[in-house]
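Novice: Compute the structure for the input listed below.
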Amino acid sequence: MDVLLIEDDAAFAFSIADYLADRGYVVTAFREGLKGVEEAQKGYGCILLDLGLPDIDGMRLIPQLRETAPRTPLIVMTGRDDASTAVEAMKAGAYDYLTKPVDLEELALTLQRVGAMVSLEDKISYLEAKEEFVLLGQSRSLEEIRNLIVKVAPHATPVLVVGETGVGKEVVARLIHKTSGRRGNFVDINCSAIPRNLFEGELFGFKAGAFTGATQGKKGLIQLADGGTLFLDEVGDLPLELQPKLLRVLEQGEVRPLGESKNARVDVRIIAATNNDPEVMLAQGGLRQDLYFRLSAFIVPIPPLRERKEDIRVLAEYFLQMFSQRMRRHIERFSPEVQDVVQQYAWPGNVRELKNVIERGVIMCDGSIMAKKHLPLELTHKPQEIIPLGEIEKEHISAALRRFQGNILQTAKALKIPRSTLRDRIRDLEISYKP
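Specialist: Okay, here's the model as predicted:
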């Protein structure tokens, strides 16, 4: 690993460089902070920063280094032996904090942890490059989410992912599982989609004869996730009477299928998700306090898309390229009007809604540039405007005609109207099409 050392004490810098060189590290040292910031642009595996520098207060340097090298772990070193300095440095973006005189063995162990963390980050980048699980964006909040994934992935700690519908909660859960190294399955369950009377059997399994119709036993989803990860989407819809049984899984690693008299051991990592405020669910009695406290050991909050505007264009261009390739279209870019609409829209459905809009736009677009007319009307009209019914009908019929390449018979069948009615509407609404 290449290490950038920013330290004004030449003798101390030499001792660190010599010690780390014996352990396979390549150390580049700078005495002045501002020159160190310039050097950080070249890309290092880790930065060691002394807070007491001659040209600038090291604490002021942390934000600059975070901006210059946002993905490089930063370890600060200082003679200020007080907790407030450590807290301030960590809040500013430092990965760890060492007090002078620095214990070189402790420094080596810290660098080992950094190396493991960087390896996990590389694994996330690899998975995203393969488009298995994509967490696209360049906002600071998304970078923080990636860092949280790296920190929690190697541990079996339960995780609670919180965010509105469509922000990518399952993507985060799958990235945690994939980077964790767990060899078992990733098993997902939507707690709002399973009928209440079937929930216990689906989640915990049952023994043959446990109830009428149970002619043979069945493993529950928890057992199917043994050695892997169980993802509970919309955990607030988990029936209250089953929540103590899930707590047993979390605390004791045991599950008891319906009809069984003994518990079975399981090694399963639980990741839960909700689009509701957990505090509200607690207050309304939808979630037991003891289960919430266990699930919330590590919370990953995902902000809505409207709060991270800088991610919108990145996502839109990615989806444009993806759907253009998938549908064998040659759409090169968005028109300036589309860029403005996409950037200003509130996206209540978040990333999922944006993806669907771009997919529809690719279907509607016949040229190389996606124009405003290819977007749904709800994006191009202000909410307070009432869209004329004829305009909606005209767009709908035009889209159908394009879909069936101007074939009147097929279009009429799809719209479930007589051909004569379709011809009348084409004439009255002045719809142009190529038969």
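Novice: List the contacts of stretch 11-23.
Specialist: For stretch 11-23, the external contacting residues (Cβ atoms under 8 Å, 6 or more residues apart in numbering) are 3, 5, 7, 27, 29, 31, 48, 102, 104, 107-108, 111. C-beta: built from backbone N, CA, C; applies to glycine.
Novice: change it to 6 Å
Specialist: 5, 7, 27, 29, 104, 108 (Cβ atoms under 6 Å, 6 or more residues apart in numbering).
Novice: same check, this time on stretch 275-295
Specialist: 158, 160, 164-165, 236, 243, 247, 250, 272.
Novice: can I see the domain layout of this protein?
Specialist: Domains of the chain are assigned by automatic domain parsing as 2-118, 140-301, 307-428.
Novice: out of those domains, nearest to residue 434?
Specialist: Among these, the nearest to residue 434 by Cβ to Cβ is domain 307-428 (4.9 Å).
Novice: Would you mind checking the average pLDDT for the closest one?
Specialist: In this model, domain 307-428 carries a mean pLDDT of 87.
Novice: State the distance spanning the first to the last residue of stretch 412-420.
Specialist: With Cα to Cα, to the nearest Å applied, stretch 412-420 spans 9 Å between its terminal residues.
Novice: in it, what counts as buried?
Specialist: Neighbour counts over stretch 412-420 (16 or more other Cβ atoms under 10 Å) mark 412, 415 as buried.
Novice: Over to stretch 351-358?
Specialist: Applying 16+ other Cβ under 10 Å to stretch 351-358 flags 351, 353-355, 357-358 as buried.
Novice: and if you look at stretch 181-189?
Specialist: Buried-residue list, stretch 181-189, by 16+ other Cβ under 10 Å: 182, 184-189.
Novice: do the same with stretch 311-327
Specialist: For stretch 311-327, by 16+ other Cβ under 10 Å, it's 311-312, 315-320, 322-324.
Novice: Make JSON lines from the domains of the chain and add distance to residue 434 to it.
Specialist: Shown next, in JSON lines, are the domains of the chain (distance: least, Cβ to Cβ, whole Å):
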{"stretch": "domain 2-118", "distance to residue 434": "51"}
{"stretch": "domain 140-301", "distance to residue 434": "36"}
{"stretch": "domain 307-428", "distance to residue 434": "5"}
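Novice: returning to what we had before: drop anything exposed from the contacts of stretch 11-23.
Specialist: 5, 7, 27, 29.
Novice: which SS state does the first one fall under?
Specialist: The local conformation at residue 5, judged by DSSP: H, G, I helix; E, B strand; the rest coil, is strand.
Novice: would you list every one of the strands in the stretch 51-200 of the chain?
Specialist: With DSSP state E, counting those that start in this stretch as the criterion, the stretch 51-200 of the chain has strands at 74-78, 96-99, 159-162, 186-190.
Novice: and if you look at the stretch 301-435 of the chain?
Specialist: Taking DSSP E, counting those that start in this stretch to define them, one finds strands in the stretch 301-435 of the chain at 333-334, 369-370.
Novice: tell me which residues in the helix or strand where residue 15 lies are buried?
Specialist: Residue 15 is part of helix 10-21, with elements assigned from DSSP states H and E. Buried residues in helix 10-21, counting neighbours by 16+ other Cβ under 10 Å, are found at 12-13, 16-17, 19-20.
Novice: out of those residues, who's nearest residue 171?
Specialist: residue 20 (37.0 Å).
Novice: sorry, back to before: pick out whichever of the buried ones among the contacts of stretch 11-23 sits closest to residue 65.
Specialist: Closest to residue 65, out of all of these and judged by Cβ to Cβ, is residue 5, at 12.7 Å.
Novice: how close does residue 186 get to residue 52?
Specialist: 47 Å (Cβ to Cβ, to the nearest Å).
Novice: Ok, residue 338 next?
Specialist: Separation of residue 338 from residue 52 (Cβ to Cβ) stands at 52 Å.
Novice: More neighbours: which of these two?
Specialist: Neighbours were tallied for residue 338 and for residue 52 using other Cβ atoms under 10 Å; the higher tally belongs to residue 338 (24 against 15).
Novice: for that one, what are its contacts?
Specialist: Counting by Cβ under 6 Å, 6+ apart, residue 338 has contacts 370, 372.
Novice: ok, now how distant is it from residue 145?
Specialist: For residue 338 relative to residue 145 (Cβ to Cβ), the value is 28 Å.
Novice: One more: residue 158?
Specialist: In this view, residue 158 and residue 145 are 17 Å apart by Cβ to Cβ.
Novice: in the protein, which ranges drop under the pLDDT threshold?
Specialist: Within the chain, the stretches falling below the threshold (pLDDT under 70) are 80-83, 116-134, 214, 381-386, 435.
Novice: Find the centremost residue of it, please.
Specialist: Taking Cα atoms, centre = their mean, the centroid of the chain lies closest to residue 172, which sits 3.9 Å from it.
Novice: Quick check, that one in contact with residue 163.
Specialist: No - if you go by Cβ atoms under 6 Å, residue 172 and residue 163 don't touch, sitting 8.5 Å apart.
Novice: Dump the host helix or strand of residue 246 to CSV, keeping only the CA atoms.
Specialist: When secondary structure is defined by DSSP H and E, residue 246 falls within helix 243-252. What follows is helix 243-252, C-alpha atoms only, in CSV (Å, rounded to 0.1, in the frame of the first residue of the first chain):
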residue,chain,number,x,y,z
GLN,A,243,-41.7,-10.3,16.4
PRO,A,244,-40.5,-12.1,19.6
LYS,A,245,-39.6,-15.2,17.5
LEU,A,246,-37.5,-13.0,15.2
LEU,A,247,-35.9,-11.5,18.2
ARG,A,248,-34.9,-15.0,19.3
VAL,A,249,-33.2,-15.5,15.9
LEU,A,250,-31.3,-12.2,16.3
GLU,A,251,-30.2,-12.8,19.9
GLN,A,252,-29.7,-16.6,20.1
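Novice: Sheet-wise, list the partners of the next helix or strand after that helix with their directions.
Specialist: Heading C-terminal from helix 243-252, the first helix or strand you meet, by DSSP H and E, is strand 254-255. The strands beside strand 254-255 in its sheet (DSSP bridges) come out as strand 264-265 (antiparallel).
Novice: Now do the partner strand: everything it contacts.
Specialist: Against strand 264-265 from outside (Cβ under 6 Å, 6+ apart): 253, 255.
Novice: And it, how far out from the chain middle?
Specialist: 32 Å (Cα atoms, centre = their mean, to the nearest Å).
Novice: One more: stretch 10-26?
Specialist: Centroid separation for stretch 10-26 versus its chain: 38 Å, with Cα atoms, centre = their mean.
Novice: Could I have the CA atoms of it written out in PDB?
Specialist: Only the C-alpha atoms of stretch 10-26 are listed here, as PDB (Å, rounded to 0.1, in the frame of the first residue of the first chain):
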ATOM      1  CA  ALA A  10      11.700  15.000  10.000                       C
ATOM      2  CA  ALA A  11      13.100  12.500  12.600                       C
ATOM      3  CA  PHE A  12       9.700  11.100  13.400                       C
ATOM      4  CA  ALA A  13       8.700  11.000   9.700                       C
ATOM      5  CA  PHE A  14      11.900   9.000   9.000                       C
ATOM      6  CA  SER A  15      11.200   6.500  11.800                       C
ATOM      7  CA  ILE A  16       7.600   5.900  10.500                       C
ATOM      8  CA  ALA A  17       8.800   5.500   6.900                       C
ATOM      9  CA  ASP A  18      11.600   3.100   8.000                       C
ATOM     10  CA  TYR A  19       9.300   1.000  10.200                       C
ATOM     11  CA  LEU A  20       6.500   0.800   7.500                       C
ATOM     12  CA  ALA A  21       9.000   0.000   4.700                       C
ATOM     13  CA  ASP A  22      10.000  -3.200   6.500                       C
ATOM     14  CA  ARG A  23       6.400  -4.200   6.400                       C
ATOM     15  CA  GLY A  24       5.900  -3.700   2.700                       C
ATOM     16  CA  TYR A  25       4.500  -0.100   2.700                       C
ATOM     17  CA  VAL A  26       5.800   2.600   0.400                       C
END
